[in-house]
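# sequence plus predicted model, see below.
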Amino acid sequence: MPNDWEPVTQWDEIFAWRSQMFRTIAKNFQWADPSMLSTVHDAPWSSVRMAKTVRKQGFLDVSALLLSQAEEREVNVVDAYLKLREQILTYYNDKSELERHGGLNL
């Protein structure tokens, strides 16, 4: 994993590669039980981690977009909590009262 201060483009390249690897693994193990396959598929964690990084770098709109596109299926409790936490932190900013209220409606 790159450092938090690395450019977003570097993070994007790494997560795009990871996403491709997860799709390849899932494709090769289509015969397996989906609940068993979810243990090797950490795409939800990857999405949340990328959203956290871009939020810390000040790209709040990108963070909100990444979190809204994160997959909802077969997400474990920890990943669901991390996603909700990042959504709250993304919408909680001093710049916009409207966004803050939007974050409360999650």
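Yep, it's here. Numbers count the residues shown, from 1 in each chain.

# give me the below-cutoff pLDDT ranges for this protein.
Counting by pLDDT under 70, the chain shows low-confidence ranges at 1-2, 32-41, 71-75, 93-106.

# what segments of it are helices?
Along the chain, the stretches classed as helices by DSSP state H are 8-28, 34-37, 43-56, 60-69, 77-91, 97-104.

# adding mean neighbour count, write the ones you listed out as JSON lines.
In this view, the C-beta of every residue, glycine as well, is placed from N, C-alpha and C. Shown next, in JSON lines, are the helices of the chain (neighbours: other C-beta atoms under 10 Å):
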{"stretch": "helix 8-28", "mean neighbour count": "13"}
{"stretch": "helix 34-37", "mean neighbour count": "11"}
{"stretch": "helix 43-56", "mean neighbour count": "21"}
{"stretch": "helix 60-69", "mean neighbour count": "17"}
{"stretch": "helix 77-91", "mean neighbour count": "17"}
{"stretch": "helix 97-104", "mean neighbour count": "12"}
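
# tell me which residue of the chain is furthest from the middle?
In the chain, Trp31 marks the outermost C-alpha relative to the chain mean, sitting 26.6 Å out by C-alpha atoms, centre = their mean.

# gap between it and Pro44?
Distance, Trp31 to Pro44, using C-beta to C-beta, to the nearest Å: 23 Å.

# how about Asn76?
8 Å.

# OK, contacts around the spatially most central residue of the chain?
Centroid-nearest residue in the chain: Ser47, 1.9 Å away (criterion: C-alpha atoms, centre = their mean). Shown in contact with Ser47 (C-beta atoms under 8 Å, 6 or more residues apart in numbering): Phe15, Leu66, Leu67, Gln69, Ala70, Glu71, Lys83.

# kindly reformat these as TSV containing distance to Lys52.
Formatted as TSV, the contacts of Ser47 follow (distance: C-beta to C-beta, whole Å):
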residue	distance to Lys52
Phe15	12
Leu66	9
Leu67	9
Gln69	15
Ala70	12
Glu71	17
Lys83	10
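
# wait, which of the residues you listed is closest to Lys27?
Glu71 (16.0 Å; C-beta to C-beta).
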